[in-house]
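**Q** test case, fold it:
(2 chains)
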Amino acid sequence: MKKEFYNIANLVTKNAKILDVGCGNGELMKYITENISKDIRGIELSKSNVQKCVEKGLTVIEGDAEKDLRQFPDNSFDFVILSQTLQAFLDPENVLNELLRVGKKAIVSIPNFGHWKVRLHLLLKGTMPVTENLPNEWYNTPNLHMCTIKDFENYCKQRNIKINLKNLKFQNLFSELGIFILEK
Amino acid sequence: MREKDKLKTLLVKKPLKLDCGQTISDFPLAYETYGKLNDKKDNAILVFHALTGDQFASGTNPITKKDGWWNYALGPGKAIDTDKYFVIAANVIGGCMGSFGPSDINPKTKKHYGTNFPVITINDMVNAQYNLLEYFKIEKLFCVIGGSMGGMQVLQFVSNFPNKAHTAIPIACTASHSAQNIALNELGRQSIMADRNWQDGFYEEQNKQPDKGLAVARMAAHITYLSKAGLQEKFGRKLQERDDLKFSFDADFQIESYLRYQGSVFVDRFDANSYLYITRAMDYFDLTKKFGGNLSKAFEKSNTKFFIISFTSDWLYPTSENREIVIALNAIGKDVGFVEITSDKGHDSFLLDVPDFLNTVRNFLNKSYEKI
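**A** Numbers count the residues shown, from 1 in each chain, chains lettered A, B, ... in the order given. I've put the predicted structure just below:
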């Protein structure tokens, strides 16, 4: 399992009620089910990934986070997880609002466009950065709204969303990924 | 002895109050079982059939000599594995495979009930079948499962008996029959009633059968079970055993011939009045009605784990209607999974060899069984 998932799993509490938005093939859900909380379910758009979740015995709803979070009541989960997909939504602002409405806390991870490798790539090569976390070319990337950790922090501050961050400058330069816990 | 008298039948002695107001008792409920009930009695699955199905979900139907209607999904080693699970399937009341139906003889008049048979509902069907749990002394079913009208019964069952099934798999169904589906059913009914042999429903007394009307009803319904793409791919404009059009009303096209065949074989195995009664039950189905239009309330007391399945090309019970059920369950925090299977086989997909569908059912059942 990738390191990001261990980090996310460490942020949820024992037996918490959790929704994994864009749960992929269910790898993170499976880990959390077996180690932290059985009360977890996922939403996933890709049909083949949905099948993989069912194979693992996980509760999964085939659907689109952009439309289908609406059906969940306010505060119906202790944690709502969104791993590296925020930048791919047409309307990430709406999705963030929905995450914070549905969950008491939201755990959000973003690929950091402010990482030094990304900065250096654009500076020296003058082409759009392609890295491990951003493996696509500009013409086929699903990422519509790239941001940096600093951008994301500014966004949350503007909207009075509580966000936990330490050593921002350091992180914005050296983290390929930002993982945040957000609260209303 | 008639073939039908040899069917396994539970005589339900307990009175059952029907939604129409009448009470029935001492009525037959024909059923079949597959696999073995284990000692813990925790491996039982109740399968509900669709409009023209019956208790013979697997193996060979002894009456029609045809394959069971769910042979792809149900049997030893299959998605619903009868080596592992004990499967019960009953013929719905109103049906014509041994359960109490309009072709039965009314003991008072010594004549066929015909249209004097009470109008029954999905609720009545489910309440009748609940007697099987008591008969087999099963405290809690592992699963209730069914497609189309079978799915409606699944929903009704969980609503009526919230703690009697660990899991529920409603497939390609709805919680409230749509205007389009009522319209299509009405087309079938009018076709039967327009057949002069129907005789206001008392055709059996006169040794007549409204075969033409029933065949046309089946032909029309059959189209709705398929998809445009599926029909186009299978038949296109292919001609039936001829090189060119005949400029007549013969079955020039393969699709015409196919539908005529489907109609003709259907009348041999199905009763016209049963068709009227069962389609009526489907039309009357609206699980929200009792709950002021709020579907969530129908499931409020349930602790059943739901898994809902729809098919991309099903325009009769489209994904959107299946999703309504998912939404209602999520709104009250119930455990619900949902999958839309890609298939161009239309509504009938759940009866056919659609590997993604069969694998999904298998995985859900087996993984859920580990956890009970």
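**Q** residue contacts, the closest residue to chain A within the stretch 101-250 of chain B?
**A** The stretch 101-250 of chain B approaches chain A most closely through B:Thr167 (11.2 Å), counting by C-beta to the nearest C-beta. From N, CA and C alone the C-beta is placed, and that goes for glycine too. Contacts here follow C-beta atoms under 8 Å, 6 or more residues apart in numbering or on different chains; on that basis B:Thr167 touches B:Phe142, B:Cys143, B:Val144, B:Thr304, B:Lys305, B:Phe306, B:Phe307, B:Phe364, B:Leu365, B:Ser368.
**Q** again, but for B:His222
**A** B:Leu259, B:Gln262, B:Gly263.
**Q** that's a strand at it, yeah?
**A** No - under DSSP: H, G, I helix; E, B strand; the rest coil, B:His222 sits outside any strand and is assigned helix.
**Q** hey, where'd the helices end up in chain B?
**A** Secondary structure of chain B (DSSP state H): helices located at B:122-135, B:149-160, B:179-194, B:211-225, B:228-234, B:254-269, B:272-284, B:295-298, B:319-330, B:355-371.
**Q** looking at those, which is buried most?
**A** helix B:149-160 (a mean of 26; mean count of other C-beta atoms under 10 Å in any protein chain shown).
**Q** with just CA atoms, put it into PDB.
**A** Coordinates of each C-alpha in helix B:149-160 appear next as PDB, following Å, rounded to 0.1, in the frame of the first residue of the first chain:
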ATOM      1  CA  MET B 149     -40.800  -8.000  -9.900                       C
ATOM      2  CA  GLY B 150     -38.500 -10.200  -7.800                       C
ATOM      3  CA  GLY B 151     -36.600  -7.100  -6.800                       C
ATOM      4  CA  MET B 152     -39.800  -5.400  -5.800                       C
ATOM      5  CA  GLN B 153     -40.600  -8.400  -3.500                       C
ATOM      6  CA  VAL B 154     -37.100  -8.100  -2.000                       C
ATOM      7  CA  LEU B 155     -37.800  -4.400  -1.100                       C
ATOM      8  CA  GLN B 156     -41.200  -5.300   0.300                       C
ATOM      9  CA  PHE B 157     -39.900  -8.200   2.300                       C
ATOM     10  CA  VAL B 158     -37.200  -6.100   4.000                       C
ATOM     11  CA  SER B 159     -39.800  -3.400   4.700                       C
ATOM     12  CA  ASN B 160     -42.300  -5.900   6.100                       C
END
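**Q** center of chain B, which residue is that?
**A** In chain B, the C-alpha nearest the mean C-alpha coordinate belongs to B:Ala50, at 1.1 Å (C-alpha atoms, centre = their mean).
**Q** in this structure that one contacts B:Gln153, no?
**A** No - the pair B:Ala50 and B:Gln153 fails to qualify as a contact (C-beta atoms under 8 Å) at a distance of 9.3 Å.
**Q** what sits in contact with each of those two?
**A** Listed as contacting both B:Ala50 and B:Gln153 by C-beta under 8 Å, 6+ apart are B:Gly146.
**Q** please name the nearest non-neighbouring residue to residue 130.
**A** This is for chain A. Sequence neighbours aside, A:Glu137 is the residue nearest to A:Val130 in space, at 6.6 Å (criterion: C-beta to C-beta, 6 or more residues apart in numbering or on different chains).
**Q** ah, I was thinking of chain B
**A** The spatially closest residue to B:Tyr130, leaving aside those adjacent along the chain, is B:Phe161, at 6.5 Å (C-beta to C-beta, 6+ apart).
**Q** that neighbour and B:Glu134, how far apart?
**A** As judged by C-beta to C-beta, to the nearest Å, B:Phe161 and B:Glu134 stand 11 Å apart.
**Q** okay, and the common contacts of the two?
**A** By C-beta under 8 Å, 6+ apart, no residue touches both B:Phe161 and B:Glu134.
**Q** how about the helices of chain B in TSV, adding distance to A:Asn10 and mean pLDDT?
**A** Shown next, in TSV, are the helices of chain B (distance: least, C-beta to C-beta, whole Å; pLDDT from 0 to 100):
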stretch	distance to A:Asn10	mean pLDDT
helix B:122-135	45	98
helix B:149-160	37	98
helix B:179-194	50	98
helix B:211-225	51	98
helix B:228-234	48	97
helix B:254-269	59	97
helix B:272-284	51	98
helix B:295-298	35	98
helix B:319-330	27	98
helix B:355-371	25	97
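**Q** where in chain A is pLDDT low?
**A** Within chain A, the ranges that satisfy pLDDT under 70 run A:166-169.
**Q** which positions in it make contact with chain B?
**A** Proximity of chain A to chain B, by C-beta under 8 Å from any C-beta of the partner chain, involves residues A:41, A:47, A:50-51, A:54-57, A:59-63, A:71-73, A:76.
**Q** longest strand in chain A, please.
**A** Ranked by residue count and defined by DSSP state E, the top strand of chain A is strand A:103-111.
**Q** which strands or helices does the helix or strand following that strand pack on?
**A** Downstream of strand A:103-111, the next assigned helix or strand under DSSP states H and E is helix A:116-120. Packing partners of helix A:116-120 (3 or more C-beta pairs under 8 Å, 6 or more residues apart in numbering or on different chains; DSSP states H and E): helix A:168-174.
**Q** buried sites along the helix it packs on?
**A** A:Gln171, A:Asn172, A:Leu173 (16 or more other C-beta atoms under 10 Å in any protein chain shown).
**Q** which of the contacts of B:Thr167 tops the neighbour count?
**A** Highest neighbour count within these, by other C-beta atoms under 10 Å in any protein chain shown: B:Val144, with 29 neighbours.
**Q** who are the neighbours in contact with that one?
**A** Residues in contact with B:Val144 (C-beta under 8 Å, 6+ apart) are B:Ile45, B:Leu46, B:Phe48, B:Gln153, B:Val154, B:Phe157, B:Val158, B:Ala165, B:Thr167, B:Ala168, B:Ile169.
**Q** surely the second one touches B:Gln129?
**A** Yes - under the criterion of C-beta under 8 Å, B:Leu46 is in contact with B:Gln129, at a separation of 7.0 Å.
**Q** any common contacting residues for the two?
**A** In contact with both B:Leu46 and B:Gln129: B:Phe157, using C-beta under 8 Å, 6+ apart.
**Q** what about the helices in chain A?
**A** Per DSSP H, chain A carries helices over the ranges A:3-9, A:27-35, A:47-55, A:65-68, A:92-102, A:116-120, A:149-158, A:168-174.
**Q** which of those helices sits closest to B:Leu214?
**A** Closest approach to B:Leu214 among those (C-beta to C-beta): helix A:47-55, 38.5 Å.
**Q** what does the closest one contact?
**A** Here helix A:47-55 makes contact (C-beta under 8 Å, 6+ apart) with A:23-26, A:29, A:42, A:44, A:60, A:62, B:337, B:339-342, B:356, B:359-360, B:363-364, B:367.
**Q** what does stretch B:122-137 give?
**A** By C-beta under 8 Å, 6+ apart, stretch B:122-137 touches B:10, B:12, B:14, B:16, B:18-19, B:27, B:29, B:31, B:37, B:41, B:44, B:46, B:48, B:88, B:90, B:92-94, B:99-100, B:141, B:149, B:152-153, B:156-157, B:160-161, B:164, B:281-282, B:284-285.
**Q** and the residue of chain A nearest chain B?
**A** Closest to chain B within chain A is A:Gly57: 3.0 Å, counting by C-beta to the nearest C-beta.
**Q** wouldn't that residue be in contact with B:Lys367 here?
**A** Yes - counting by C-beta under 8 Å, A:Gly57 does reach B:Lys367; the two are 3.0 Å apart.
**Q** not counting its neighbours along the chain, what's nearest the residue nearest to the centre of chain B?
**A** B:Ser148 is the one closest to B:Ala50 (C-beta to C-beta, 6+ apart), at 3.9 Å.
**Q** report pLDDT for that neighbour.
**A** Looking at B:Ser148, its pLDDT is 98.
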